[in-house]
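> Got a predicted model here, sequence first, then my questions.
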Amino acid sequence: MVNRRGRHRLPLSRHRKSSFFSITFYVILIFSLSIFTFLLYSSYVLQEENKVPLLRVEKPKINKLLDDQLWKTPSGLGLRQCVKRTSRYGATPVSDHYITVKSNGGLNQMRTGIADMVAVARIMNATLVIPQLDKSSFWQDSSTFSNIFDETHFIKSLEKDVRIVKRLPKELESLPRARKHFTSWGGLGYYEEMTTLWKEYQIIHVAKSDSRLANNDLPLDIQRLRCRALYHALRFSPSIESLGKKLVERLRSRAQRYIALHLRYEKDMLSFTGCTYGLTVAESEELRTMREKTSHWKVKNINPTEQRDAGLCPLTPKEEMLATPKELKDFSNHASQTAALDYIISIESDIFVPSHSGNMARAVEGHRRFLGHRKTITPDRKSLVQLFDLMEAGQLEESSLSLPVMQLHRQRFGGPRRRGSGPPGIKGRVRLRLEESFYQNPYPECICKS
């Protein structure tokens, strides 16, 4: 798996710093081969440092110790999800004002954006029209809202919060609309100011939905509404839920417990690394063209066979297939629908490990926290790169890697912690952008003692 210096001189090895995909597969190596051995060593770290011989433990006891520690869920400290409305929360506003939305991005970018728009509609006393999903972005998915989500459940479950309709009334379709690109991370005051638009318009069209609402400093009821919208109302369509449940049961029938590793097997990543195994000639050429046209990617000519032999490519879906072609037939060419299946499997896993941060990783982590702090191992990539560089320089043996890796991740198992408010000393809009996402960690507003 590990590419040794001086053996296969790949184009990527010209650079000292490991590529993203080297890191990804180091992480796989570490968490699949090393996690067990460290759990034994960590029980005797002090003895080892003082050169005291380790105690002899019978193999069955060792295996049970490792097994228990690996799968143990972090302590929830008595915390649980709390999304009930407070006594100050009023009834659903009756309004003849409407907000239409075009949700942008991939599945999880759209999901969190839709939850934000539910809250915005509440703040602005507006009726929300079922959002249009992005069909023109990188994913090129033609799915409608009802293809991915249970539309009836969405409307019904939020009826005490916001009035939601499937489409604009016919008599309003020809009316002029205020077309707005709402500011990123807008607060309560911003959206209260936006209500002045109702003086001239009956309809506001929102061009983008992602990151339209602030992470912090919003009323408790608005924050809890966001959680109700995302975790309760935005249920996947019956066909997706059914297959997702079947795949989870299939995994558990094989091993009872499983780890979900999010590898990010995506088009831009394959292009960057030159990994084309299992693709058609046309697909491989498309990736090569993408790499040639991306100016900040320095390496253009890459041998895909050498990349794969060196362990620098992600496994393809065909090499790790769980569903049958027949089961996936109705989902083919619909990236957001297949992403929903991945989401269900990741949420229900005993352990979730994202190899890189992103919308999917953040959304899954936040949902798992909401469901009782299910175990999520978040790799410390910055520190891991330093260890990998030491290994490549011959200053650290692979056999000695387990201990420092596990020490780095003692506090990265998804246990309870309050949401980060951003780096100290930074103010203004830059700080808002650097704050931890509300949907990555909805504690304390949606997770509490009572």
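Thanks, I have it.
> who are the neighbours in contact with the nearest residue to Lys135 once chain neighbours are set aside?
Residue nearest to Lys135 in three dimensions, not counting chain neighbours: Ser142, with 5.5 Å by CB to CB, 6 or more residues apart in numbering. For glycine as for every other residue, the C-beta is placed from the backbone atoms N, C-alpha and C. Counting by CB atoms under 8 Å, 6 or more residues apart in numbering, Ser142 makes contact with 135, 333-334.
> Out of these, which end up buried?
His334 (16 or more other CB atoms under 10 Å).
> out of the contacts of Ser142, which one sits closest to Leu434?
Using CB to CB, Lys135 is the member of the contacts of Ser142 that lies nearest Leu434, at 31.0 Å.
> Just confirm that closest one contacts Met110, I think it does.
No: the pair Lys135 / Met110 is not scored as a contact, 11.1 Å apart, by CB atoms under 8 Å.
> Which one of the contacts of Ser142 is nearest to Ser237?
His334 (11.2 Å).
> Tell me the spacing between the closest one and Ile344.
For His334, the distance to Ile344 (CB to CB, to the nearest Å) stands at 15 Å.
> buried set for the strand or helix carrying Leu384?
For Leu384, the host element (DSSP states H and E) is helix 381-392. Buried positions in helix 381-392, judged by neighbour count with 16+ other CB under 10 Å: 381, 384, 387-388, 391-392.
> pLDDT added to those, as JSON lines?
Formatted as JSON lines, the buried residues of helix 381-392 follow (pLDDT from 0 to 100):
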{"residue": "Arg381", "pLDDT": "71"}
{"residue": "Leu384", "pLDDT": "77"}
{"residue": "Leu387", "pLDDT": "85"}
{"residue": "Phe388", "pLDDT": "76"}
{"residue": "Met391", "pLDDT": "85"}
{"residue": "Glu392", "pLDDT": "80"}
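> Now do the helices in the stretch 1-150 of the chain.
Using DSSP state H, counting those that start in this stretch, the helices of the stretch 1-150 of the chain run over 20-29, 35-41, 45-49, 59-71, 107-123, 145-148.
> Also the stretch 251-400 of the chain?
Counting by DSSP H, counting those that start in this stretch, the helices of the stretch 251-400 of the chain are 267-273, 281-293, 304-309, 325-328, 335-348, 359-370, 381-392.
> Comparing these, which comes out most buried?
helix 359-370 (a mean of 23; mean count of other CB atoms under 10 Å).
> what about it, distance to the chain center?
Chain-centre distance of helix 359-370: 5 Å, with CA atoms, centre = their mean, to the nearest Å.
> tell me the mean pLDDT for that helix?
The average pLDDT for helix 359-370 rounds to 95.
> next one: stretch 304-321
Rounded mean pLDDT across stretch 304-321 is 71.
> Skip the chain neighbours and tell me the closest residue to His97.
That would be Ala126: by CB to CB, 6+ apart, it lies 4.5 Å from His97.
> Next, the contact list for the spatially closest residue to Val101 that is not a sequence neighbour, please.
Of all residues not flanking Val101 in the chain, Pro131 sits nearest, at 4.1 Å (CB to CB, 6+ apart). If a contact means CB under 8 Å, 6+ apart, then Pro131 has 100-103, 110, 113-114, 117, 145, 209 as its contacts.
> TSV for those, including pLDDT, distance to Ala339 and neighbour count?
Listed next are the contacts of Pro131 as TSV, based on pLDDT from 0 to 100; distance: CB to CB, whole Å; neighbours: other CB atoms under 10 Å:
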residue	pLDDT	distance to Ala339	neighbour count
Thr100	98	24	20
Val101	97	20	27
Lys102	95	19	17
Ser103	95	14	21
Met110	96	10	29
Gly113	97	15	24
Ile114	98	15	24
Met117	98	20	25
Phe145	97	15	19
Ser209	95	17	27
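> Tell me the one among the residues you listed nearest to Cys446.
Ile114 (16.8 Å).
> shaky segments in the protein?
Filtered on pLDDT under 70, the chain yields the residue ranges 1-67, 137-139, 264-265, 311, 314-319, 321, 356, 450.
> State which strand of it is the longest.
Ranked by residue count, the top strand of the chain under DSSP state E comes out as strand 98-103.
> now that strand: how far from the chain's centre is it?
On CA atoms, centre = their mean, the centre of strand 98-103 falls 24 Å from the chain's centre.
> Ok, stretch 77-96 next?
The answer for stretch 77-96 is 26 Å, by CA atoms, centre = their mean.
> Burial check on Arg429, number of neighbours?
10 (other CB atoms under 10 Å).
> what do you get for Glu320?
11.
> one step back: with distance to Asn301 as new columns, can the contacts of Pro131 be given to me in JSON lines?
Below are the contacts of Pro131 laid out as JSON lines (distance: CB to CB, whole Å):
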{"residue": "Thr100", "distance to Asn301": "47"}
{"residue": "Val101", "distance to Asn301": "44"}
{"residue": "Lys102", "distance to Asn301": "39"}
{"residue": "Ser103", "distance to Asn301": "39"}
{"residue": "Met110", "distance to Asn301": "37"}
{"residue": "Gly113", "distance to Asn301": "39"}
{"residue": "Ile114", "distance to Asn301": "42"}
{"residue": "Met117", "distance to Asn301": "45"}
{"residue": "Phe145", "distance to Asn301": "43"}
{"residue": "Ser209", "distance to Asn301": "40"}
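> Between the residues you listed, which sits nearest Ala282?
Met110 (28.7 Å).
> contacting residues around that closest one?
103-104, 131, 133-134, 209-210, 336.
> circling back to that earlier point, count of residues packed around the residue nearest to His97?
Count around Ala126 with other CB under 10 Å applied: 25.
> now Lys427
For Lys427, using other CB under 10 Å, the count is 8.
> Against Pro444, how distant is Leu79?
Leu79 is 9 Å from Pro444, by CB to CB.
> How many residues are close by the nearest residue to Phe438 once chain neighbours are set aside?
Closest residue to Phe438 apart from its sequence neighbours, by CB to CB, 6+ apart: Asn215 at 4.3 Å. Residues near Asn215, counting by other CB under 10 Å, number 22.
> Wait, a helix at Asn215?
No: using DSSP: H, G, I helix; E, B strand; the rest coil, the assignment for Asn215 is coil, not a helix.
> give me every residue that touches it.
Applying CB under 8 Å, 6+ apart, the residues contacting Asn215 are 185, 419, 432, 435-438.
> Disregarding flanking residues, what is the spatial nearest neighbour of Lys245?
Ile344 (7.4 Å).
> any idea how far Tyr439 is from that neighbour?
Distance from Ile344 to Tyr439, by CB to CB: 17 Å.
> Then Tyr258?
24 Å.
> of the two, who's got more company?
For Tyr258 versus Tyr439, the count of surrounding residues by other CB under 10 Å is larger for Tyr439: 25 against 15.
> which residues sit in contact with that one?
Contacts of Tyr439 by CB under 8 Å, 6+ apart are 112, 115, 226, 230, 362-363, 366.
> Alright, I will stop here.
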